[in-house]
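A.B. asks: make a model of this:
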Amino acid sequence: MNYDVIIVGTGAGGATVAHELSTKNLNVLVLEKGLNHPRGTAANNIKNTKLSLKLEENIDDNRYEFLNQTAELMNIEGLGGTTPVSLANACYACTNCYKNSATAQFKGFDLELFEELLEASKELKVGSLPAEMMGPATRMIVDKGEKLGYFMEPMPKFIDFTKCDSCGLCILGCTKGAKWDANDFVKEINETENNTEILSNITVTRVLHKNQRVDGVEGIDSNGETKHYHSKIVIIAAGALNTPKILIDSNITNEVCDGLFTDLFITVGGYLKDVNLNTEIPMGVKSEFGPYFISPHFSHQLIPLIEEKGFKPKAEDVMGIMVKIADEANGRIYKDGRIEKELTSHDINLLKEGYNKSVELLKAIGVEPSSISSTPIRGAHPGGTAAIGKVVDKNLETCIKGLFIADASVIPQAPGRPPILTIVALAKRLSKNIVDEIFVNPNSLK
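C.D. replies: Alright, predicted model coming up:
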């Protein structure tokens with residue numbers, strides 16, 4: 001069957017484009033590789049892939065245990081992409097804080113997203129954490145942080161705080177309907193009369209194209225059968241790990257898979273009896289330091305690390321602070337699935353600086369100094385593998401006419417901040433461009 005538009009992926013980018021186009025009287029097909037994970041179970045499906053980090057220089061410094069642990073890249077596949085396990089951080093406000101914020105980067109390519117960011121913020125109900133919903137542990141971090149000279153500000157969140165009970169379980173997938181995720185758009189599409197069809201458990205293997213013009217996609221269904229779906233407009237939004245693979249398998253290779261960043265982070269924490277950070281809204285505040293920021297964050301990974309230092313913590317006894325950096329966009333995804341990055345001296349210095357600030361803050365709060373530990377380096381926001389200016393133009397179109405990309409792949413440099421709101425804004429802009437193209441130039445579908 002022929003469609004007006006085919007969309008691959010239902011994460012922040014794919015679901016947004018589908019949501020926008022579903023109201024335009026177009027025949028739209030959405031293909032999702034994963035399954036629907038019931039809300040409250042999403043975190044059980046997180047994949048931790050080994051991230052091969054090569055050190056730019058030899059480092060012999062046992063003070064920083066994160067340099068001697070195996071790095072991981074967190075990822076999940078399913079309806080909604082990674083949004084069900086996000087911590088609802090809406091960091092577009094960092095545009096003026098850091099030159100490499102995702103929105104600031106696009107301005108350099110004559111792509112202004114101001115209007116779309118406002119639209120997205122309204123739809124996702126973005127707002128700062130209200131003071132009355134800030135838990136005691138978070139308040140402690142604010143108080144001690146400001147005494148140390150750190151400007152602590154509320155984290156903007158896409159949470160409807162009228163529905164939120166501050167359970168602290170955002171990563172599991174919000175069962176209260178308070179936190180936005182891309183499944184909200186999927187649900188609206190399914191509940192509204194339109195011409196949009198959403199199929200899950202379909203693995204798109206390649207893009208069909210001829211004479212530099214897109215013709216559709218090829219996919220494998222749950223029965224292992226190969227299917228062809230045809231359209232003159234295809235939007236790939238399969239995420240920064242899957243999108244480049246689809247492109248490579250479609251013989252679209254120029255500068256694809258290079259330039260990977262992951263917004264590397266560690267969580268530094270220790271023992272503080274009954275602090276109960278684990279039951280508070282995660283990452284409720286932040287303190288910005290240019291290419292990195294710190295924010296309160298409970299991590300289960302800290303429990304065994306603190307135990308190794310002679311303590312017996314329960315989850316409620318762990319106080320943690322995340323350090324998230326804008327790492328160098330120097331990684332690569334290989335055809336066999338390997339993911340490799342060089343950890344540069346610049347990256348290492350940012351992690352060390354954030355670690356030292358976190359230790360200072362933890363001690364000021366009253367955390368037992370000998371219990372302070374650090375999780376391994378992890379990445380959770382892969383991007384850059386089909387970057388604007390290299391693989392796509394300012395309209396997010398590839399070298400193949402009618403083939404677009406709408407996910408973190410197109411962000412050229414690590415913003416060091418959660419990119420979901422920016423991706424939604426990008427998808428909104430792309431949707432407007434596509435609608436204009438279809439209705440102003442009807443021959444574009446021929």
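A.B. asks: output the lowest mean pLDDT helix or strand found in the protein.
C.D. replies: Every helix and strand of the chain was ranked by mean pLDDT, DSSP states H and E. The lowest is helix 102-107, at a mean of 73.
A.B. asks: residues near residue 62, how many?
C.D. replies: Residue 62: 8 surrounding residues under other Cβ atoms under 10 Å. Every C-beta, even on glycine, is put in place using the N, C-alpha and C of the backbone.
A.B. asks: helix, strand or coil for it?
C.D. replies: Of the three states, residue 62 takes coil under DSSP: H, G, I helix; E, B strand; the rest coil.
A.B. asks: dump the residue contacts of it.
C.D. replies: The contact partners of residue 62, by Cβ atoms under 8 Å, 6 or more residues apart in numbering, come to residue 68.
A.B. asks: I'd like to know how far it sits from residue 206.
C.D. replies: 48 Å (Cβ to Cβ, to the nearest Å).
A.B. asks: which residues touch residue 334?
C.D. replies: Counting by Cβ under 8 Å, 6+ apart, residue 334 touches 257, 340.
A.B. asks: report pLDDT for it.
C.D. replies: pLDDT recorded at residue 334 is 89.
A.B. asks: please report phi then psi for it.
C.D. replies: Taking degrees, to the nearest 10, you get phi -100, psi 160 for the backbone angles of residue 334.
A.B. asks: pull out the buried positions in stretch 340-354.
C.D. replies: Applying a neighbour-count criterion of 16 or more other Cβ atoms under 10 Å, one finds 341, 343, 344, 347, 348, 350, 351, 352, 353, 354 buried in stretch 340-354.
A.B. asks: hang on, I meant stretch 267-283
C.D. replies: Quick answer for stretch 267-283 (16+ other Cβ under 10 Å): 267-272, 275-283.
A.B. asks: ends of it, what's the gap?
C.D. replies: Between the opening and closing residues of stretch 267-283 lies a distance of 11 Å (Cα to Cα, to the nearest Å).
A.B. asks: and if you look at stretch 208-223?
C.D. replies: Using Cα to Cα, one end of stretch 208-223 lies 21 Å from the other.
A.B. asks: quick one: that stretch to chain centroid distance?
C.D. replies: Taking Cα atoms, centre = their mean, to the nearest Å, the mean C-alpha location of stretch 208-223 is offset from the chain mean by 26 Å.
A.B. asks: mean confidence for it?
C.D. replies: Average pLDDT, stretch 208-223: 96.
A.B. asks: now stretch 34-50
C.D. replies: pLDDT averaged over stretch 34-50 gives 78.
A.B. asks: stretch 378-387 too?
C.D. replies: Stretch 378-387 shows a mean pLDDT of 95.
A.B. asks: keeping just the C-alphas, turn that stretch into PDB.
C.D. replies: Extracted C-alpha coordinates of stretch 378-387, given in PDB (Å, rounded to 0.1, in the frame of the first residue of the first chain):
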ATOM      1  CA  ARG A 378      27.400   6.100  31.700                       C
ATOM      2  CA  GLY A 379      25.700   7.800  28.700                       C
ATOM      3  CA  ALA A 380      22.000   8.200  28.200                       C
ATOM      4  CA  HIS A 381      21.500  10.700  25.400                       C
ATOM      5  CA  PRO A 382      23.300   9.400  22.300                       C
ATOM      6  CA  GLY A 383      23.300  11.800  19.300                       C
ATOM      7  CA  GLY A 384      25.300  13.200  16.500                       C
ATOM      8  CA  THR A 385      25.400  10.200  14.200                       C
ATOM      9  CA  ALA A 386      23.600  11.800  11.300                       C
ATOM     10  CA  ALA A 387      24.400  15.500  12.100                       C
END
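A.B. asks: chain center to it: distance?
C.D. replies: That offset, for stretch 378-387, works out to 8 Å (Cα atoms, centre = their mean).
A.B. asks: try stretch 415-433
C.D. replies: 11 Å.
A.B. asks: what does stretch 262-282 give?
C.D. replies: Distance, stretch centre to chain centre, for stretch 262-282: 19 Å (Cα atoms, centre = their mean).
A.B. asks: distance between the ends of that stretch?
C.D. replies: Separation of the first and last residues of stretch 262-282 by Cα to Cα is 20 Å.
A.B. asks: swap in stretch 7-18?
C.D. replies: Note: stretch 7-18 ends 7 Å apart using Cα to Cα.
A.B. asks: as a whole number, average confidence for it?
C.D. replies: Mean pLDDT, computed over stretch 7-18, is 98.
A.B. asks: now it, how far from the centre of its chain.
C.D. replies: Remark: stretch 7-18 is offset 14 Å from the chain centroid, using Cα atoms, centre = their mean.
A.B. asks: list the buried ones in it?
C.D. replies: In stretch 7-18, counting by 16+ other Cβ under 10 Å, buried: 7, 8, 9, 10, 11, 12, 13, 14, 15, 16, 17, 18.
A.B. asks: after the least confident helix or strand of the chain, which helix or strand is next?
C.D. replies: Going down the chain from helix 102-107, the next helix or strand is helix 114-123, by DSSP states H and E.
A.B. asks: sorry, back to before: what about the buried residues of stretch 340-354, which are in helices?
C.D. replies: Using DSSP state H, the members of the buried residues of stretch 340-354 that fall within helices are 347, 348, 350, 351, 352, 353, 354.
A.B. asks: could I get those residues as a markdown table with pLDDT and distance to residue 227?
C.D. replies: Formatted as a markdown table, these follow (pLDDT from 0 to 100; distance: Cβ to Cβ, whole Å):
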| residue | pLDDT | distance to residue 227 |
| --- | --- | --- |
| 347 | 94 | 42 |
| 348 | 93 | 47 |
| 350 | 96 | 45 |
| 351 | 96 | 45 |
| 352 | 96 | 50 |
| 353 | 97 | 51 |
| 354 | 98 | 47 |
